[in-house]
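Visitor: give me the fold of what follows.
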Amino acid sequence: MFNIFELTQADTKTLQERALKLCEEAGELAQAVLSATGAPGSGYKNHSLADVREEAVDAAIVALSVLAQANTSKEEFERELEHLMSEKCAKWQQKLAK
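Guide: Numbers count the residues shown, from 1 in each chain. Take a look at the predicted model:
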């Protein structure tokens, strides 16, 4: 998917560093959501839904790089991504159907 696996392989971050980076990106996403939705104390940051979208993509890329680093090949990464996304979305759909 895009070149996430290759970029991950070229990056020297450890799996721990990458997971911590994901936490940082999640915090930036939360900050953008709070600001964009006018949460008390966050309005001064003037984030918009465009900022929310950008931060969501940043978090998604880092999350995918964690998955990529936890696999041994591009093919395995792609199989795992498709399998796990299908499985997790099906589980979500089942919960919504109840």
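Visitor: please make it C-alpha for all contacts and neighbour counts, starting now.
Guide: Fine.
Visitor: neighbours around L15, how many?
Guide: Look at L15: counted by other C-alpha atoms under 10 Å, it has 15 neighbours.
Visitor: I'd assumed Q69 was in contact with it.
Guide: Yes. Using C-alpha atoms under 8 Å, L15 is in contact with Q69, at 6.7 Å.
Visitor: residue contacts, the residue lying closest to Q31 once chain neighbours are set aside?
Guide: Excluding the flanking residues, the one nearest Q31 by C-alpha to C-alpha, 6 or more residues apart in numbering is S42, at 7.6 Å. Neighbour list for S42: 31, 34-35 [criterion: C-alpha atoms under 8 Å, 6 or more residues apart in numbering].
Visitor: alpha carbons only: can I get the longest helix along the chain in CSV?
Guide: Longest helix in the chain, counting residues (DSSP state H): helix 74-97. Written as CSV, here are the backbone C-alpha positions of helix 74-97 (Å, rounded to 0.1, in the frame of the first residue of the first chain):
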residue,chain,number,x,y,z
LYS,A,74,6.2,-6.7,1.9
GLU,A,75,4.0,-9.6,0.8
GLU,A,76,3.4,-10.6,4.4
PHE,A,77,2.7,-7.0,5.4
GLU,A,78,0.1,-6.7,2.5
ARG,A,79,-1.5,-10.0,3.4
GLU,A,80,-1.7,-9.1,7.1
LEU,A,81,-3.1,-5.7,6.3
GLU,A,82,-5.8,-7.0,4.1
HIS,A,83,-6.7,-9.9,6.5
LEU,A,84,-6.7,-7.9,9.7
MET,A,85,-8.6,-4.9,8.2
SER,A,86,-11.2,-7.3,6.8
GLU,A,87,-11.5,-9.1,10.1
LYS,A,88,-11.6,-6.0,12.3
CYS,A,89,-14.1,-4.2,10.0
ALA,A,90,-16.4,-7.3,10.0
LYS,A,91,-16.2,-7.3,13.8
TRP,A,92,-17.2,-3.6,13.9
GLN,A,93,-20.0,-4.3,11.4
GLN,A,94,-21.3,-7.1,13.7
LYS,A,95,-21.3,-4.8,16.7
LEU,A,96,-23.3,-2.1,14.7
ALA,A,97,-25.8,-4.7,13.6
